[in-house]
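Q: mind looking at a prediction? Sequence and model below.
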Amino acid sequence: MKNGVVLALLSSFVFSVMNALVKEVSFTIPAAEIAFFRGLIGTVLVLVIMHRQRISFSRTGIPMLAVRGLMGGMYMLTFFYTLSHLPLTDASILAQLAPIFVMILSALLLKEQIRGKSALLLLVVLVGAAILIQPNTYASYSVFAIVGLLSAFFSAAASISIRYLSQKHSAYEIVFYFTATSTIVAIPFLTNHFVMPDVRDSVYLLLIGVVSLIGQLFLTKAFTHENAIVVQVISYFGLMLNALFGFLFWEEIPNITTIIGGILIVAGCVGLSMFKPSGDARA
């Protein structure tokens, strides 16, 4: 098996473990607080790595780095909020819509046209999203699902900024601005809802920070060894892991709506990846 494929599979596994950890600790710690500690721990770890490898900070391109950090921070807040209120599988499927927003934003900002089969597959994905979100109902599920949809949008915006930044900045510097900015973004949401973590929660928060950084490193290295299309398709392996973890730990059984919507979304995204490589859907 190719190194790139192995790294992509490892990244999917690690991110699925992180999602499960976030889901578990969200029963006692608010989503914004989880995002804050993930960003804080990631910032410290990245600074240590940059110091040891003698990687210096750039003096140019800082506004764009800040934009990437802001979009990544908003992604974390919205995705963790979705994870804390929806089954793990549902939240993960919604997050996988990021490549669709990459395509839409590329068309709007980069004037890239969506034609032929791509337009048809995009329609398939949107139908799947509508089935999963259930906009015709006004229950809380729809509200949480819409927040999950926003997480995919912010992830896509961060992905597009990474495309631009990776040409002039090191991966560690980009990750630093993401973790540092996302920590700051989370602070306003902590004012009235901060919960002092006990020993158990502290261990979970530390693991989330470490595991998420490992996942980022695996994913970055996967893109250096393997075609972006292959890595994107392999990332959907994480959906199966999330469904498995949801069943094993919280007895979450996907309903028919999740299954149908999920199949349409994954099939459409895989098809679109075959026609047009998309950026990394992770923030």
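A: Now that the structure is in, tell me what you want to look at. Numbering: from 1, shown residues only.
Q: let me see the ranges of the strands in the stretch 151-283 of the chain.
A: Defined through DSSP state E, counting those that start in this stretch, the strands belonging to the stretch 151-283 of the chain form an empty list.
Q: in it, which spans are helices?
A: Here the stretch 151-283 of the chain has its helices, by DSSP state H, counting those that start in this stretch, at 171-186, 199-225, 228-234, 237-250, 256-275.
Q: where does pLDDT dip in this structure?
A: Low-confidence segments of the chain (pLDDT under 70): 1-2, 4, 106, 109-116, 132-141, 162-163, 166, 220, 223-235, 272-283.
Q: quick check, residue 98 in contact with residue 157.
A: No. Judged on CB atoms under 8 Å, residue 98 makes no contact with residue 157 at a distance of 9.2 Å. To be clear about C-beta, it is placed using only N, CA and C from the backbone, and glycine gets the same treatment.
Q: please say which of the two ends up with more neighbours.
A: residue 98 (27 against 23; other CB atoms under 10 Å).
Q: now do the contacts for that one.
A: Under the criterion of CB atoms under 8 Å, 6 or more residues apart in numbering, the neighbours of residue 98 are 152-153, 155-156, 159, 281.
Q: let me know the closest of those to residue 251.
A: Using CB to CB, residue 152 is the member of the contacts of residue 98 that lies nearest residue 251, at 26.3 Å.
Q: residue 50 versus that closest one, what's the distance?
A: With distances taken as CB to CB, to the nearest Å, residue 152 is found 29 Å from residue 50.
Q: so for these two, which sits in the more crowded spot?
A: Set residue 152 next to residue 50 and count neighbours by other CB under 10 Å: residue 152 wins out with 25 against 17.
Q: burial of the closest residue in space to that one that isn't next to it in sequence, as a residue count?
A: If the residues on either side of it in the chain are set aside, residue 152 comes closest to residue 97, at 3.9 Å by CB to CB, 6 or more residues apart in numbering. Counted by other CB under 10 Å, the residues lying close to residue 97 total 26.
Q: wait, isn't residue 97 in contact with residue 130?
A: No. Counting by CB under 8 Å, residue 97 stays clear of residue 130, with 11.3 Å between them.
Q: let me know whether residue 42 touches residue 213 as I believe.
A: Yes. Counting by CB under 8 Å, residue 213 is a contact partner of residue 42 at 5.2 Å.
Q: got any residues that touch both of those two?
A: Here residue 42 and residue 213 have residue 175 as joint contacts, going by CB under 8 Å, 6+ apart.
Q: what about residue 68, distance to residue 122?
A: Noted for residue 68: a distance of 25 Å to residue 122, by CB to CB.
Q: okay, the two: which has more neighbours?
A: Using other CB under 10 Å, the more surrounded residue of residue 68 and residue 122 is residue 68, with 26 against 19.
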